[in-house]
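1. return a 3D structure for these sequence lines:
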Amino acid sequence: MSSLFEAAGLETEAPRPLADRLRPRVLDEVVGQDHLLKGDGPIARMRAQGRLASLVLWGPPGVGKTTIARLLAEDSGLEFEPLSAVFSGVADLKKVFERARARRAAGRGTLLFVDEIHRFNRAQQDGFLPVVEEGVVTLVGATTENPSFELNAALLSRCQVLVLKRLDDAALDDLIARAEDEMERKLPLDDDARHALAAMADGDGRYLLNLVEEVFTFQRETPIGRIELGRLLNKRAPVYDKSRDEHFNLISALHKSVRGSDPDAALYWLARMIEGGEDPLYLARRIVRMAIEDIGLADSAAIHAALAAKDTYQFLGSPEGDLALAQAVVHLACSPKSNAVYTAWKRAQKSARETGSLMPPAHILNAPTSMMKDQGYGAGYQYDHDVEGGVSGQDYFPEDMRDRPVFYEPKDAGREAAIGERLARWRALRRGKSPAGP
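-> Numbering: from 1, shown residues only. Predicted coordinates:
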């Protein structure tokens, strides 16, 4: 079995990267994906049944997508035909399909592996449909992006989407142990540094092995500690793409942590996004939205705190201004929550669309001309400030709306609890004066 190193035309005696030397030779050697490969996992079931469906492998970098595809081809007796969507076009696809048809005519099958399949446009993705349907190829696509957003529905309907997980601590430890066996010596690290090395990989096995290989070059007689390791190695930038799926995942996590009143989780996700290079003013806009959507009148100071954080960041910039965003996030996470105004606005919009031709009641219309007065405009209007209690109880909905809707229902939280008590009195007053009665 030739390695990717050999496939590149290099001498087998030439030094090979540690990651290539440790590349799994059989599926049972793949780490971190037991939910797919073992027991009742979907790939395990396919192997047991002697069949292989077209697949989309979705997961972060360095978790084994390419390796699994290659080993599936070997396990199934199929020719492995790799293709990168980054470097390939329509002409390349046609050549691959022609070779696959020739193999099929000779009684051999093809596993077409397409790395970064989401990089193909919609028309190019449609090109896979006939060869998959006819069985010319078994397609295995790999993507780091959410297939629901990036792949055609027609292509997805012909493939089974399998989610690969980032490698957990146990899987990373296993890789380090395999590397030590391969090198026939232990890493020159103490326990804390060993854990720190795995943390630097952030679930990426390929990156971990690159780090391990670099550590093996250190000529040390005493173990290296965590702090010294940090100086010797450049920690990778957080895995975060502002324009792709991860952007939406992290902002969703931040928003839901605030909504769920967890300031610690909210600070974590805020830090993840800032460390990843997110535009802080984008975060400021989302923080303002959280104050309106999830806190509202339960804490009327929340919107002011959010806007102040935005203004402070614009005034100070990073890194000092980042603290203002953190302060606003903590304020919002610790505030009483209410989406009552948000919900009320949605209800009001729906009602407005359904009854958009109804006129306001005549008694609240201004009457600047005598003709309008003759038409009854303003007749019977009560000036609320002149009424005892400051609320007249008059009806302000269109007269033809017999059922007076209730849009705003305050939550029993924070400032809204008192608002709810006042509204209950005022609504009871209006019901008593309504033509429809209580």
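2. the spatially closest residue to residue 355 that is not a sequence neighbour - how many residues pack around it?
-> Leaving aside its chain neighbours, residue 355 sits nearest to residue 401 (6.3 Å; criterion: Cβ to Cβ, 6 or more residues apart in numbering). All C-beta spots, glycine's among them, are computed from the backbone N, C-alpha and C. Number of residues near residue 401 (other Cβ atoms under 10 Å) recorded here: 13.
3. does residue 401 touch residue 358 like I think?
-> Yes: with contact defined as Cβ atoms under 8 Å, residue 401 reaches residue 358; the gap is 6.5 Å.
4. mind listing what residue 258 touches?
-> When contacts are counted by Cβ atoms under 8 Å, 6 or more residues apart in numbering, residue 258 touches 266, 290, 294, 329, 332-333.
5. in the protein, where's the longest helix?
-> What stands out as the longest helix in the chain, according to DSSP state H, is helix 415-433.
6. what's the average pLDDT for that helix?
-> For helix 415-433, mean pLDDT is 87.
7. please apply the same query to stretch 392-406.
-> Here the average pLDDT along stretch 392-406 is 81.
8. what about residue 19, distance to residue 42?
-> Applying Cβ to Cβ, to the nearest Å, the value for residue 19 to residue 42 is 26 Å.
9. got it, and residue 217?
-> Relative to residue 42, and taking Cβ to Cβ, residue 217 is found at 40 Å.
10. who has more neighbours, the two?
-> Between residue 217 and residue 42, residue 42 has the larger neighbour count (other Cβ under 10 Å), namely 15 against 7.
11. confidence score at the more buried one?
-> You'll see residue 42 listed with a pLDDT of 95.
12. list the contacts of it.
-> With Cβ under 8 Å, 6+ apart, residue 42 has these contacts: 36, 160, 162.
13. repeat for residue 54
-> Residues near residue 54 by Cβ under 8 Å, 6+ apart: 132, 138-140, 158-160.
14. quick one: buried ones out of those residues?
-> Buried by 16 or more other Cβ atoms under 10 Å: 132, 138-140, 159, out of the contacts of residue 54.
15. residue 31: which of those residues is nearest?
-> residue 140 (19.3 Å; Cβ to Cβ).
16. that closest one belongs to a strand?
-> Yes: assessed with DSSP: H, G, I helix; E, B strand; the rest coil, residue 140 lies in a strand.
17. show me the contacts for it.
-> So residue 140 contacts 54-57, 69, 72, 111-114 (Cβ under 8 Å, 6+ apart).
18. got the contact list for the residue lying closest to it once chain neighbours are set aside?
-> Leaving aside its sequence neighbours, residue 140 sits nearest to residue 69 (Cβ to Cβ, 6+ apart; 4.4 Å). With contacts defined as Cβ under 8 Å, 6+ apart, residue 69 is in contact with 57, 80, 82, 111, 113, 140, 142.
19. how far away is residue 70 from residue 57?
-> Note on residue 70: its distance to residue 57, by Cβ to Cβ, is 12 Å.
20. out of these two, which sits in the busier spot?
-> The neighbour count for residue 70 versus residue 57, taken as other Cβ under 10 Å, is higher for residue 57 (29 against 21).
21. about what we covered before: please flag which of the contacts of residue 258 sit within helices.
-> Members of these lying in helices (criterion: DSSP H): 266, 290, 329, 332-333.
22. scan those residues and report the most crowded one.
-> In terms of neighbours by other Cβ under 10 Å, the ones in helices among the contacts of residue 258 top out with residue 332 at 28 neighbours.
23. now do the closest residue in space to that one that isn't next to it in sequence against residue 29, distance only.
-> Closest residue to residue 332 apart from its sequence neighbours, by Cβ to Cβ, 6+ apart: residue 258 at 5.0 Å. Counting by Cβ to Cβ, the separation of residue 258 from residue 29 is 43 Å.
24. and the contacts of residue 140, which are buried?
-> For the contacts of residue 140, buried by 16+ other Cβ under 10 Å: 54-57, 69, 72, 111-114.
25. can you redo the residues you listed as TSV, where the extra columns are pLDDT and secondary structure?
-> Output for those, formatted as TSV (pLDDT from 0 to 100; DSSP: H, G, I helix; E, B strand; the rest coil):
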residue	pLDDT	secondary structure
54	94	coil
55	95	strand
56	95	strand
57	95	strand
69	96	helix
72	95	helix
111	96	strand
112	95	strand
113	96	strand
114	94	strand
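26. returning to that earlier point: pull the residues that contact the longest helix of the chain.
-> For helix 415-433, the external contacting residues (Cβ under 8 Å, 6+ apart) are 296-300, 336, 338, 340, 391, 393-395, 404, 406, 408-412, 437-438.
27. in that helix, which residues are buried?
-> Those would be 415-416, 419-420, 430, for helix 415-433 by 16+ other Cβ under 10 Å.
28. just the endpoints, please. Distance across stretch 396-408?
-> 15 Å (Cα to Cα, to the nearest Å).
29. can you give me the strands in this structure?
-> Assigned by DSSP state E, the strands in the chain fall at 55-58, 79-84, 110-115, 138-143, 160-163.
30. need those strands in JSON lines (columns: distance to residue 304).
-> Shown next, in JSON lines, are those (distance: least, Cβ to Cβ, whole Å):
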{"stretch": "strand 55-58", "distance to residue 304": "42"}
{"stretch": "strand 79-84", "distance to residue 304": "51"}
{"stretch": "strand 110-115", "distance to residue 304": "49"}
{"stretch": "strand 138-143", "distance to residue 304": "43"}
{"stretch": "strand 160-163", "distance to residue 304": "42"}
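31. coming back round to it: so which of the buried ones among the contacts of residue 54 comes closest to residue 168?
-> Set against residue 168, the nearest of these by Cβ to Cβ is residue 140 (23.7 Å).
32. the stretch 51-200 of the chain: helices as residue ranges?
-> Here the stretch 51-200 of the chain has its helices, by DSSP state H, counting those that start in this stretch, at 65-76, 90-105, 122-126, 128-133, 147-150, 153-156, 169-183, 191-201.
33. closest one to residue 250 among the ones you listed?
-> Among these, the nearest to residue 250 by Cβ to Cβ is helix 147-150 (15.5 Å).
34. give me the residues contacting that closest one.
-> The contact list for helix 147-150, computed with Cβ under 8 Å, 6+ apart, reads 56, 58, 118, 143, 156, 161, 245.
35. now, the most widely separated pair of those residues?
-> Pairwise distances across those (Cβ to Cβ) peak at 15.3 Å, for the pair 156 and 245.
36. re the thing from before, would you mind finding the most buried of the helices of the stretch 51-200 of the chain?
-> Most buried of the helices of the stretch 51-200 of the chain, by mean neighbour count (mean count of other Cβ atoms under 10 Å): helix 65-76, with a mean of 20.
37. run the chain-centre distance for that one.
-> 28 Å (Cα atoms, centre = their mean, to the nearest Å).
38. so it versus strand 79-84, what angle?
-> On the basis of axes from the mean of the first three to the mean of the last three Cα atoms, to 10 degrees, helix 65-76 is oriented at 160 degrees to strand 79-84.
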